[in-house]
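# sequence unavailable; structure follows:
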């Protein structure tokens, strides 16, 4: 049975409507308190002795497209306790109805808080204006900061990782509760001492999932020696693939020798490749001069002082990581390559037609990108002596060596066969990396120790040594279900929140918007 709607049901609890009027875009409602007593905020004694009455003007939720102002008649009471220092106090209302000194009702303040959490300052203020809520962007941010983060249960399984305030300049730390899949704290930097100080306050933590960096490992070991550390599986897989790529880069001289391309014919190069080849010749001169100094027994610091090059550059040259001729970057065709391969195999060899069909699928690149890909693919189908004189980049060779042979063109198959025959150590390194992947995916940790011994004798020895130093965390990553993927996802959300505020949000505001939203 439907009940009649009484006007007093539209105002906050604890009040009764006296009168209402409307003036343009504002509705004014006069209300009075219906309570006959109130508790002293100092001693908690309930008092019925009314001292006086006064009016409070507060904003309330909008009504029928108009902003609402409440003129509330409330009481002042005398405290009945003789020993209480608070002789006179104002009427206290229930939690969430009307706070002392508040200019908004509790329900309006809650709505303002949610707007600030969802949109930030100016965007939320713009929406609030359309909703007839009298609130500014500064007020929205003050409400978010004042309410902060709600109380949350103590975590036992956490993920910890760094995030960029500004890439390559300043970083912070995010900590997530992996059991509840929610962020719990943001730290101002990624220093081990800062993470250790926070972890020390959480002795109940039993599992710490982290990346393979040593900073968080040291912090967790000192603060929580009993906790199990778990290396992130995605980073393990990525590090293994990167180790194989570095092995290919260090073997580029042997690769060019094995395919018979120690000298490159500039006539066969495109304009872009010719520019890269000229850069390669310049790098070779720098490499030769630094290697000559190193042969005389000079240290890296001495070479840096003599040549003026950076320490990282000198280290890469001494490790043989600067011998790649053609270096490629990610193309706009990257996501469309499987589709292009299928269409090419089906007989569609016209670049302009492929481009038009890709445009209908959402491709935003130019016609030239697709036609150049078609030209390179057409040349790759012709296996001749000249095609072997064009050695791909190290990244391309690494991809070809780890791709199934049935997906390669004839020229690519010939190139891979020549590399495998001429550089057997690279084939061994590929087998070691594949063995690591096969160990991580089905989670078989029995082969971990034999794999480390095998990896130390291959081109990926540095990666194997790193696994040996962190073997306990790697073993935990294999045998347990915990990983840092949830933390990476929360970092993506944090980046969105930071960009909504144009990168100017301070740590407390970022934490309130990210952590506070997750635990509401």
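Thanks, I have it. These figures come from a predicted structure and were not determined experimentally. Residues are numbered from 1 along each chain as shown.

# which of the helices or strands spans the residue of the chain most remote from its centre?
When distances are taken from the C-alpha mean of the chain, residue 82 lies farthest, 59.1 Å away, according to Cα atoms, centre = their mean. Residue 82 is located outside every helix and strand, with elements delineated by DSSP states H and E.

# any idea how far it lies from residue 45?
Here the criterion is Cβ to Cβ, to the nearest Å. By it, residue 82 lies 10 Å from residue 45. All C-beta atoms are positioned from the backbone trio N, CA, C, and that covers glycine.

# on that earlier part again, what's the residue farthest from the centre of the chain sitting at in phi/psi?
Main-chain torsions, residue 82, degrees, to the nearest 10: phi -70, psi -30.

# ok, residue 482 touching residue 230?
Yes - contact criterion Cβ atoms under 8 Å: residue 482 and residue 230 qualify, at 4.9 Å.

# shared neighbours of these two, anything?
With contacts defined as Cβ atoms under 8 Å, 6 or more residues apart in numbering, the residues adjacent to both residue 482 and residue 230 are 207, 209, 476.

# top of these by number of neighbours, please.
Of the shared contacts of residue 482 and residue 230, residue 209 is surrounded by the most neighbours, 29 neighbours in total, counting by other Cβ atoms under 10 Å.

# any idea how far residue 424 is from that one?
In this structure, residue 209 and residue 424 are 38 Å apart, going by Cβ to Cβ.

# for the longest helix anywhere in the chain, the distance to its chain's centre please.
Identified as the longest helix of the chain according to DSSP state H is helix 271-295. In this view, helix 271-295 has its centroid 36 Å away from the chain centroid, taken as Cα atoms, centre = their mean, to the nearest Å.

# any idea which helix or strand comes after it?
Helices and strands here follow DSSP H and E; after helix 271-295, the next one along the chain is helix 300-307.

# show me what that next one is packed up against.
helix 271-295, helix 311-318 (3 or more Cβ pairs under 8 Å, 6 or more residues apart in numbering; DSSP states H and E).

# quick one: buried residues of that helix?
303-304 (16 or more other Cβ atoms under 10 Å).

# and what of stretch 98-117?
Neighbour counts over stretch 98-117 (16+ other Cβ under 10 Å) mark 98, 104-106, 108-109, 111-117 as buried.

# what's the end-to-end length of it?
Counting by Cα to Cα, to the nearest Å, you get 21 Å between the two ends of stretch 98-117.

# and it, average pLDDT?
Across stretch 98-117, pLDDT averages out at 89.

# same question, stretch 340-349
Confidence over stretch 340-349 (mean pLDDT, whole number) is 85.

# residues in contact with it?
Surrounding stretch 340-349, the residues in contact under the criterion Cβ under 8 Å, 6+ apart are 333, 354, 357, 373-374, 377-378, 407.

# buried ones among these?
With burial judged by 16+ other Cβ under 10 Å, the buried subset of the contacts of stretch 340-349 is 333, 354, 373-374, 377.

# which among those gets closest to residue 142?
Of all the buried ones among the contacts of stretch 340-349, the one with the least separation from residue 142 (Cβ to Cβ) is residue 333, at 48.8 Å.

# wait, the closest one touches residue 364, no?
No - under the criterion of Cβ under 8 Å, residue 333 makes no contact with residue 364, lying 11.3 Å away.

# pLDDT wise, what is residue 236 at?
With respect to pLDDT, residue 236 has a value of 91.

# same check, this time on the one 4 residues further on
pLDDT for residue 240: 92.

# quick one: contacts for it?
Shown in contact with residue 240 (Cβ under 8 Å, 6+ apart): 433, 436-437, 460, 463.

# also residue 33?
With contacts defined as Cβ under 8 Å, 6+ apart, residue 33 is in contact with 14-16, 72-75, 91, 93.

# list the beta-bridge partners for it.
Residue 33 forms beta bridges with residue 15, as assigned by DSSP bridges.

# tell me how far it lies from residue 13.
Taking Cβ to Cβ as the criterion, residue 33 is separated from residue 13 by 11 Å.

# likewise residue 124?
In this view, residue 124 and residue 13 are 27 Å apart by Cβ to Cβ.

# pretty sure residue 121 contacts residue 137?
Yes - judged on Cβ under 8 Å, residue 121 makes contact with residue 137 at a distance of 3.7 Å.

# those two: who's more crowded?
In terms of neighbours (other Cβ under 10 Å), residue 121 is the more surrounded of residue 121 and residue 137; the figures are 23 against 17.

# tell me the confidence at the more buried one?
84.

# then residue 377?
76.

# in a helix, it, correct?
Yes - Residue 377 forms part of a helix when assessed by DSSP: H, G, I helix; E, B strand; the rest coil.

# output the below-cut-off pLDDT ranges for the chain.
Along the chain, segments meeting pLDDT under 70 span 1-5, 260-273, 321-331, 379-391, 410, 520.

# cheers, nothing more for now.
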